[in-house]
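**Q** I need the structure of the sequence given here:
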Amino acid sequence: MEDHNVGPLLRELPRERAREGFTARVVASLDSQPPRQTPKVWRQPRLVFAAAALAAVVASAGILQVHSGRQEEIRAAEARKVLQELRSEHESLKQELRSLSEPPVVYLGGDEEVDLVVDLSRAQNANF
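**A** Presented below is the predicted three-dimensional model:
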């Protein structure tokens, strides 16, 4: 049987009706039962204290974790700054070493027409 044929068949069935006085009997049954009392857990001081202590511990742990994360970020930033300073110093030392390894030249003086300069790397028996 196909689904579109089921609808008309269901509509042909007789409607069920509740017996006479059903609603009145259900209401009377509910009225006769004593009301359920929910346990008054929050009125017990020990439980309230334990819950407050647990909340404080959880909050403290969260705050400490956030604080330690920030400290780690600060340390990482400081380490990057020191590393950059070291790289800069290393580069300046490399340049200074290159300038020292160039052939030594000595300026001996001169006048308005001539400057006397000696390249010591060309001097005989130079030990530089």
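**Q** Figure out how far the helix or strand hosting S29 is from the centre of its chain.
**A** Assigned by DSSP states H and E, S29 belongs to helix 22-32. Its chain's C-alpha centre and that of helix 22-32 lie 59 Å apart, by C-alpha atoms, centre = their mean, to the nearest Å.
**Q** now stretch 9-25
**A** Distance of stretch 9-25 from the chain centroid (C-alpha atoms, centre = their mean) equals 62 Å.
**Q** With stretch 75-83 instead?
**A** 19 Å.
**Q** hang on, the earlier thing: show me what secondary structure element comes after the helix holding S29.
**A** helix 45-101.
**Q** Average pLDDT for that next one, rounded please.
**A** Taken as a whole, helix 45-101 has a mean pLDDT of 87.
**Q** Quick one: distance of that helix to the chain centre.
**A** Counting by C-alpha atoms, centre = their mean, helix 45-101 comes out at 13 Å from the chain centroid.
**Q** Stretch 45-59: which residues count as buried?
**A** For stretch 45-59, the neighbour count (16 or more other C-beta atoms under 10 Å) marks no residue as buried. For the C-beta atoms, the positions are set from N, CA and C on the backbone; glycine is no exception.
**Q** just to revisit the earlier point, looking at the helix holding S29 now, give me its mean pLDDT.
**A** The average pLDDT within helix 22-32 is 86.
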